[in-house]
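In: sequence and predicted structure, then a few things I'm wondering about:
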Amino acid sequence: MIGIPGLEAIHGWLTIPFSSMYTVALTGNCLILLAVKRTPSLHQPVYYFLSMLALTDAGLTLSTMPTTLAVLWFDYRLIGFNACLVQIFFLHSFSVVESSVLLAMSFDRFVASPPPCAMQLSSQIMSSSGLATVCLFPVPFLLKRLNYCPGKILLSHSFCFHADVMKRACADITVNILYGLYVVLSTVGVDSLLIVLSYILILYTVMGLASPRERIQALNTCVSHILAVLVFYIPVIGVSMIHRSGRHLPHIVHALVAYVYLIVPPVLNPIIYILRRKGQG
């Protein structure tokens, strides 16, 4: 693992912002989980989904940041192949689950009344996230079946990424590419389209409200979720496009976009929801 290519000379200094983001992500998401658990008034569907979002963000942070800090802080660049496959599974699983949670939250915003209907819809969505996670089980085995060139596999990140590992194989990776594309389209792709659809329906409903003040109040309840959706999906789209059509770009661009995709949502989501909660309180 090479860390951040082109910035090797300042890896030691980079531990400061990365360690800070790691601490903020874990602390912020754990505070959300603790607040929802200990506050009876927060025992509502929207806060249960927020707890799921915090849990997946914490899991995403824990599955990637330890190896990143090991590279930056201790210059420890080795990871076993099987450990790498495990990291790939958890990294992509948490991403898929987070996408499903954001979809469930968008439907909860749309079907805010009556709550039982919202919970029924959202529970079905969360069940589908479990099935989506099952779709990721073949990924490590598809990588393990490939033949790799003799010697150590040099990864362009400080964590194991499916697209990065499969490109290091000395074999035909067509099956891996097609299956990876299928997983992305059937999970994050479908979720993003349904989120857009839910907000089209929300806007249609809000525009039917009597007064502008009621419209603003209704839309105001969606601000936090819209920001969380943008924070998650913009980096996802960026990293997908760069890995598939940005081969001419410098390695540092690939690395930085991947770090934004993995680190920024767990850091910003707690800040967004905590600030919104204080603003409403």
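Out: Thanks, I have it.
In: got phi/psi on Leu197?
Out: As for Leu197, its main-chain torsions (degrees, to the nearest 10) stand at phi -60, psi -40.
In: need the pLDDT of it.
Out: According to the predicted model, the pLDDT of Leu197 comes to 87.
In: which residues in the chain form helices?
Out: Secondary structure of the chain by DSSP state H: the helices cover 11-38, 45-74, 81-110, 115-134, 138-144, 162-166, 174-184, 190-207, 212-220, 223-245, 251-280.
In: so which of these gets nearest Leu155?
Out: Leu155 lies closest to helix 162-166 among the helices of the chain, at 5.5 Å (C-beta to C-beta). (Each C-beta comes from the backbone N, C-alpha and C, glycine too.)
In: what helices and strands are in contact with that closest one?
Out: Under the contact definition 3 or more C-beta pairs under 8 Å, 6 or more residues apart in numbering; DSSP states H and E, helix 162-166 sits against helix 81-110, helix 138-144, helix 174-184.
In: among the helices of the chain, which is nearest Pro150?
Out: Evaluated over the helices of the chain, closeness to Pro150 peaks at helix 81-110, with 13.4 Å, by C-beta to C-beta.
In: what about the residue nearest to Ser192 when sequence neighbours are not counted, distance to Arg213?
Out: The shortest distance from Ser192 to any non-neighbouring residue, by C-beta to C-beta, 6 or more residues apart in numbering, is to Tyr233 (5.7 Å). As judged by C-beta to C-beta, to the nearest Å, Tyr233 and Arg213 stand 30 Å apart.
In: between the two, who's got more neighbours?
Out: Legend: neighbour count by other C-beta atoms under 10 Å for Tyr233 and Arg213, higher for Tyr233 (19 against 9).
In: just to check, the more buried one is in contact with Leu193?
Out: No - contact criterion C-beta atoms under 8 Å: Tyr233 and Leu193 do not qualify, at 11.0 Å.
In: name the nearest residue to the residue positioned nearest the centre of the chain, ignoring sequence neighbours.
Out: Nearest to the mean C-alpha position of the chain, by C-alpha atoms, centre = their mean, lies Ser95 at 3.8 Å. Once its chain neighbours are removed from consideration, Ser95 has its nearest residue in Leu60; the separation is 6.7 Å (C-beta to C-beta, 6+ apart).
In: find the least confident helix or strand in this protein, judged by mean pLDDT.
Out: When each helix and strand of the chain is scored by mean pLDDT, DSSP states H and E, helix 115-134 comes last, with a mean of 61.
In: what about Leu230, neighbour count?
Out: Counted with other C-beta under 10 Å, residues neighbouring Leu230 total 12.
In: for Leu181, see how far away it is.
Out: 23 Å.
In: pLDDT weak spots in the stretch 101-250 of the chain?
Out: For the stretch 101-250 of the chain, applying pLDDT under 70 flags the ranges 109-129, 131-132, 151-154, 156, 209-210, 218, 221, 243-247.
In: now with 80, please.
Out: Under the criterion of pLDDT under 80, the regions of the stretch 101-250 of the chain flagged as low confidence span 107-133, 149-158, 164, 202-224, 238-250.
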